[in-house]
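[1] the sequence and its predicted three-dimensional model are supplied below.
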Amino acid sequence: MDHPSLAPVKARLLHLLDELVGHDGYGSLRVDVRLLKRGQKEVILDCGKQHRFVVDVPVRADQPPPTPRP
């Protein structure tokens, strides 16, 4: 699933993973994904400090488009 709004999230995730692996101690990395309105999700990368991203949800071919809410 390649979507343009996911590129910064993937880049930051890989960067944080590289930092953890290269660190002389221990560490943890947590990824939280939350649903937002209007076809978006919030992705939170937590690795000592939080990195927050809002990404558009890619529409799958077998999935009907979201219905607009009044």
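    All right, it came through fine. These numbers come from a predicted model, not from an experiment.
[2] C-alpha from now on. contacts and neighbour counts both.
    Will do.
[3] which residue ranges of this protein form strands?
    Using DSSP state E, the strands found in the chain span residues 30-35, 40-47, 49-56.
[4] direction included, what does the first one pair up with?
    The strands beside strand 30-35 in its sheet (DSSP bridges) come out as strand 40-47 (antiparallel).
[5] quick check, distance from the strand it pairs with to the centre of its chain.
    Strand 40-47 has its C-alpha centroid displaced from the chain centroid by 5 Å (CA atoms, centre = their mean, to the nearest Å).
[6] adding mean pLDDT, write the strands of the chain out as TSV.
    TSV is the format used below for the strands of the chain (pLDDT from 0 to 100):
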stretch	mean pLDDT
strand 30-35	94
strand 40-47	93
strand 49-56	90
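[7] and the ones you listed: which comes nearest Leu20?
    For Leu20, the closest of these is strand 40-47, at 8.8 Å, according to CA to CA.
[8] run the angle between that closest one and strand 49-56 for me.
    Compare the direction of strand 40-47 with that of strand 49-56 by axes from the mean of the first three to the mean of the last three CA atoms, to 10 degrees and you get 160 degrees.
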